[in-house]
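1. quick one: sequence plus predicted model below, questions after.
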Amino acid sequence: MSEVSEVELWGRLIKPLEREGILYDGRVREAMLRVPRYLFVPKEYKKYAHVDEPLPIPAGQTVSAPHMVAIMLQLADLRPGMNVLEIGTGSGWNAALIAELVKTDVYTIERISELVEFARRNLERAGYSDRVHVIPGDGTKGFPPKAPYDRILVTAGAPDIPKPLVEQLKPGGKLLIPVGSYHLWQDLLEVFKLPDGLVKVKNHGGVAFVPLIGEYGWKG
Ligand code: SAM
């Protein structure tokens, strides 16, 4: 498959997402057009990159479906200059999209070393390695050196809201996290840290993510 047809196919994914009302934010639309998923999937899956489904990446993990990525990025309401932490780097695709939207450095944590290397290679090839910092480790503990954050986006399913992540949010900041069962069913929670430090949670309903494994997540 030629590079041109990959570009065309990727562009064609966007229209149905808009028609169905899933993709409604022009900034997220532009970022998705600039950062196609085919740059972040293993060679054998590139031909499916424009299909609106999760795809396999190494170590038995997945890169999320484009509609899910659009939903989370839109809820995050990312603005230039925001300090953002992502937990669950996977392929690096979502982190590159975040970098497009905040136009500054992004921190992303991945617990599987094979994926740390996979994401770094993808980010290098796609031209984001100077702005997206892939940190190996357990993201349930957050990343204190760069805290506090305007936004924290968790792209794996947790049993509960990890306390360190709320602590590392700025007052007025928010956390997006799927919370629910170990396998394939969670609620997408939008967790607001109010200016007085209290927390308010809005539930956006059912999603399906691989488990968040760590000290404040599921146990290995
Ligand atoms: N955001 C990714 C992308 O754009 O490709 C997809 C994320 S994938 C659905 C979930 C990822 O979370 C997996 O790569 C998994 O290894 C990682 N993960 C699970 N628990 C973690 C933890 N405690 N800390 C960091 N990463 C974790």
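-> The structure has been received and is ready for your questions. Because the structure is predicted, anything quoted here is derived from the model rather than measured.

2. alpha carbons only for contacts and neighbour counts from here, please
-> Fine.

3. geometric centre of the protein: which residue is closest?
-> residue 94 (4.2 Å; C-alpha atoms, centre = their mean).

4. give me the contact status of the host helix or strand of that residue with the ligand.
-> Secondary structure from DSSP states H and E places residue 94 in helix 93-102. Yes. Helix 93-102 is in contact with the ligand by C-alpha under 6 Å from any ligand atom, via 93-94.

5. for that helix, C-alpha coordinates in PDB please.
-> Extracted C-alpha coordinates of helix 93-102, given in PDB (Å, rounded to 0.1, in the frame of the first residue of the first chain):
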ATOM      1  CA  TRP A  93      -0.100   7.900  19.300                       C
ATOM      2  CA  ASN A  94      -2.200   9.600  21.900                       C
ATOM      3  CA  ALA A  95       0.800  11.300  23.400                       C
ATOM      4  CA  ALA A  96       1.700  12.800  20.000                       C
ATOM      5  CA  LEU A  97      -1.800  14.000  19.600                       C
ATOM      6  CA  ILE A  98      -1.600  15.700  23.000                       C
ATOM      7  CA  ALA A  99       1.600  17.300  22.000                       C
ATOM      8  CA  GLU A 100      -0.100  18.700  18.900                       C
ATOM      9  CA  LEU A 101      -2.800  20.300  21.000                       C
ATOM     10  CA  VAL A 102      -0.700  21.700  23.900                       C
END
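
6. show me what it is packed against.
-> helix 26-34, strand 106-110, helix 113-126, strand 132-136 (3 or more C-alpha pairs under 8 Å, 6 or more residues apart in numbering; DSSP states H and E).

7. ok, 10 Å please
-> The contact analysis (3 or more C-alpha pairs under 10 Å, 6 or more residues apart in numbering; DSSP states H and E) places helix 93-102 against helix 26-34, helix 66-76, strand 84-87, strand 106-110, helix 113-126, strand 132-136, strand 149-154.

8. between those, which one is closest to the ligand.
-> Closest of those to the ligand is strand 106-110, at 3.7 Å (criterion: C-alpha to the nearest ligand atom).

9. output the longest strand belonging to this protein.
-> Secondary structure of the chain per DSSP state E: the longest strand is strand 169-180.

10. for that strand, packing partners?
-> Strand 169-180 packs on helix 66-76, strand 84-87, strand 149-154, helix 163-167, strand 186-193, strand 199-207, going by 3+ C-alpha pairs under 10 Å, 6+ apart.
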